[in-house]
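Colleague: Predicted model follows, preceded by the sequence.
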Amino acid sequence: MENRELDKLLSQTHKDISIQDLDGKQVSCIEFTQERFNKIIDAISGKPLAVDTNLNILQDGLGHVFVEISLKFSIGSIDEKILVNANEHLDFFQLMSQNGILSIASKDNPEKVFMIQLPKPERVSDALEIIMNGLSKISDN
């Protein structure tokens, strides 16, 4: 990955990634602006839905690993793509793998949380292994 490409990816990463304590359980959380969060909640509120969650891993072989998290909601025409720098947020992916849960919240109102149970937690475990292998390239160089 050339420096320009790396800089471009770094500039596109979602900065509001956190770990939330929800009833004593540590949960990976993607935070959105209040407006964006409300748009999602308004579209899905009170309706049965599924959230197709995919992790697309981008790496350069030099230890830079990015993960594009795609959240496609079955209703409301909502398709969110969030780019996360795995170098900075490894714990985020480790907790997703352990819990099989991802939450989204409003960064302005963090008590408003929407939980997503990942339908295939083994996919997150597989992704975590790929992420860890990609990050290990840092120590090899």
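Modeller: Yep, that arrived.

Colleague: and the lengthiest helix in the chain, which residues are buried?
Modeller: Using DSSP state H to define each element, the chain has its longest helix at helix 121-135. Neighbour-count burial for helix 121-135 flags 124, 127, 128, 131, 134, 135 (criterion: 16 or more other Cβ atoms under 10 Å). Backbone N, C-alpha and C define where each C-beta goes, glycine included.

Colleague: quick one, what contacts the first one?
Modeller: Contact partners of residue 124, counting by Cβ atoms under 8 Å, 6 or more residues apart in numbering, are 55, 93, 96, 97, 100, 118.

Colleague: now do the second one
Modeller: Contacts for residue 127 (Cβ under 8 Å, 6+ apart) come out as 55, 57, 67, 93, 97.

Colleague: Mind listing residues that contact the helix or strand in which residue 6 is found?
Modeller: Here residue 6, judged by DSSP states H and E, is contained in helix 3-12. Residues outside helix 3-12 that contact it (Cβ under 8 Å, 6+ apart): 1, 58, 60, 64, 66, 83, 85.

Colleague: Just after it, pick out the following helix or strand.
Modeller: From helix 3-12, the next helix or strand downstream (DSSP H and E) is strand 17-22.

Colleague: Please convert the buried residues of helix 121-135 to CSV, extending it with distance to residue 38 and pLDDT.
Modeller: Formatted as CSV, the buried residues of helix 121-135 follow (distance: Cβ to Cβ, whole Å; pLDDT from 0 to 100):
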residue, distance to residue 38, pLDDT
124, 27, 89
127, 29, 89
128, 31, 91
131, 31, 91
134, 35, 88
135, 35, 85
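
Colleague: how about CSV for the residues you listed, with distance to residue 42 added?
Modeller: Listed next are the buried residues of helix 121-135 as CSV, based on distance: Cβ to Cβ, whole Å:
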residue, distance to residue 42
124, 28
127, 30
128, 33
131, 33
134, 37
135, 38
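
Colleague: Helices along this structure, start to end?
Modeller: Ranges of helices within the chain are 3-12, 34-44, 90-99, 121-135, 137-140, based on DSSP H.

Colleague: Need the winner for burial among these.
Modeller: helix 90-99 (a mean of 19; mean count of other Cβ atoms under 10 Å).
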